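Novice: Sequence and computational prediction follow.
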Amino acid sequence: MVEKNGSLEKALKVIDLFILKDRYSLKEIIESTSFSKAATLRILNTLVYEHYLFKNIEDNLYYLSNKFMKLSDNSSNSKYLLSVIKGPLDDLCDKTGFTVSASILSNYESLAVYRVESSGALSLVPNVGQTMPLNCSGSGKILTAFSDDLMDVLSNMKYIERTKNTIIEATKYMEVILKAKNDRFAVDDEEIAEGLFCIATVVLDKSDKLFCSISVSGYKIKMLEKFEYIKEELMKTAMNIENKLNRIQK
C-alpha cells in the first residue's frame, strides 16, 4: 500500500477548492474541507508564505497567486525559451570554454533554466531547475536590476550568506544593483563559492521587459585572464538573442 503524506493531502485539498471559484474566506474553506480552524490556518499560512496563495487585506479573502499560472505555463514557456537561447548559448560555451547558463526570476530567486558546460566545468554552477538566492550570483543581480518591480523584489528576497564575499546588506546590494542596471552586466566574485567567478548580462524582449539572464562561469583565475573577451562575447550573445526575439515576436 502506498504511504501518503497527510499534511500534503490536506494542503492539496485546499488548493483543489480554487478549481470551483477564484476566492474563498477562511470560513468557507473550513466548511468545504471540514478541517479544524487551527489546521486550516496552518495550511493557509504555509501556502501564503510559499506564494501559492495570497490573502487580500482589503476583503480578507484568499486567492491563487500567479505562481500557479507560471506552473501551468511552464512546459510551453520552457520550450519557447529554449528554442530562442539554446543555439546562441551553445555557441558561447564553445567560444569561451566555460560553463554558460540562463536563469529567470522565480519566486524572488534565480532559477536556472538552461546550462551547457565545457570539459573541466566547475560543478558548483547551478543545475537546471536549481534556485539560488538573488544576492549570491551575477545572474541574481541582473534579474533583480531588470525586474518589473524592483522594490517588490528587494522587499521579498532573502539575503543568504554563502561566503565571506556574499553581499548581505540591503544598502550595499542596492548600490550593486543600480550599477548593474547601468552597466547591463554584473559579476559574482566568489559569492556563491570560493574559487567561482561569474559574469552575467540581461536579455530583454521586444517590449524591453526582462526575458532572462545569461551568464558565463568558471574558476576565477582562468575567468579573469579572459575577462574582457568573455564579457564582449556575452554581450554579443545577449544582443543576438534579443534580435532573434524581435523577429519572433513581430
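Specialist: Sure thing, it's come through.
Novice: and Met132, that's in a strand?
Specialist: Yes. Applying DSSP: H, G, I helix; E, B strand; the rest coil, one finds Met132 inside a strand.
Novice: That one contacts Gly140, correct?
Specialist: Yes. Counting by Cβ atoms under 8 Å, Gly140 is a contact partner of Met132 at 6.2 Å. Every C-beta, even on glycine, is put in place using the N, C-alpha and C of the backbone.
Novice: Pick out whichever of these two has more residues nearby.
Specialist: Counting neighbours by other Cβ atoms under 10 Å for Met132 and for Gly140 shows that Gly140 has the greater number, 31 against 20.
Novice: now that one, nearest residue through space, not along the chain?
Specialist: Leu134 (3.6 Å; Cβ to Cβ, 6 or more residues apart in numbering).
Novice: How many neighbouring residues does the one you found have?
Specialist: 28.
Novice: follow-up on the earlier one: mind listing the shared neighbours of Met132 and Gly140?
Specialist: Ser103, Glu109, Ser110 (Cβ atoms under 8 Å, 6 or more residues apart in numbering).
Novice: which one of those is nearest Lys236?
Specialist: Ser103 (19.0 Å; Cβ to Cβ).
Novice: Name the residues that touch the host helix or strand of the closest one?
Specialist: Applying DSSP states H and E as the criterion places Ser103 in strand 99-106. Residues outside strand 99-106 that contact it (Cβ under 8 Å, 6+ apart) are 70, 81, 85, 89-90, 92-93, 110-118, 121-122, 125-126, 131-132, 137, 139-140, 143-144, 147, 153, 203, 210, 212-218.
Novice: May I see the buried residues of the helix or strand where Leu12 lies?
Specialist: For Leu12, the host element (DSSP H and E) is helix 6-16. Residues of helix 6-16 classed as buried under the neighbour-count rule (16 or more other Cβ atoms under 10 Å) are Lys10, Ala11, Val14.
Novice: Mind putting the residues you listed into a markdown table with pLDDT and distance to Ile192?
Specialist: Below are the buried residues of helix 6-16 laid out as a markdown table (pLDDT from 0 to 100; distance: Cβ to Cβ, whole Å):
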| residue | pLDDT | distance to Ile192 |
| --- | --- | --- |
| Lys10 | 89 | 36 |
| Ala11 | 89 | 32 |
| Val14 | 90 | 36 |
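Novice: any weak-confidence spans in this protein?
Specialist: 1-6, 66-78, 119-126, 249-250 (pLDDT under 70).
Novice: now do 90
Specialist: Applying pLDDT under 90 to the chain flags the ranges 1-13, 15-24, 32-33, 47-84, 106-107, 111-132, 205-207, 244-250.
Novice: And the helices in it, which stretches?
Specialist: Taking DSSP state H, the helices of the chain run over residues 6-16, 26-33, 37-49, 66-72, 74-96, 138-145, 150-156, 170-183, 220-225, 227-248.
Novice: Of those, which is nearest Asn60?
Specialist: Closest among those, using Cβ to Cβ: helix 26-33, at 7.8 Å.
Novice: mind checking how far the closest one is from the chain centre?
Specialist: Centroid separation for helix 26-33 versus its chain: 33 Å, with Cα atoms, centre = their mean, to the nearest Å.
Novice: who's the closest residue to Ile160 other than its chain neighbours bridged to?
Specialist: Excluding the flanking residues, the one nearest Ile160 by Cβ to Cβ, 6+ apart is Pro133, at 4.0 Å. With DSSP bridges as the criterion, Pro133 is bridged to Glu109.
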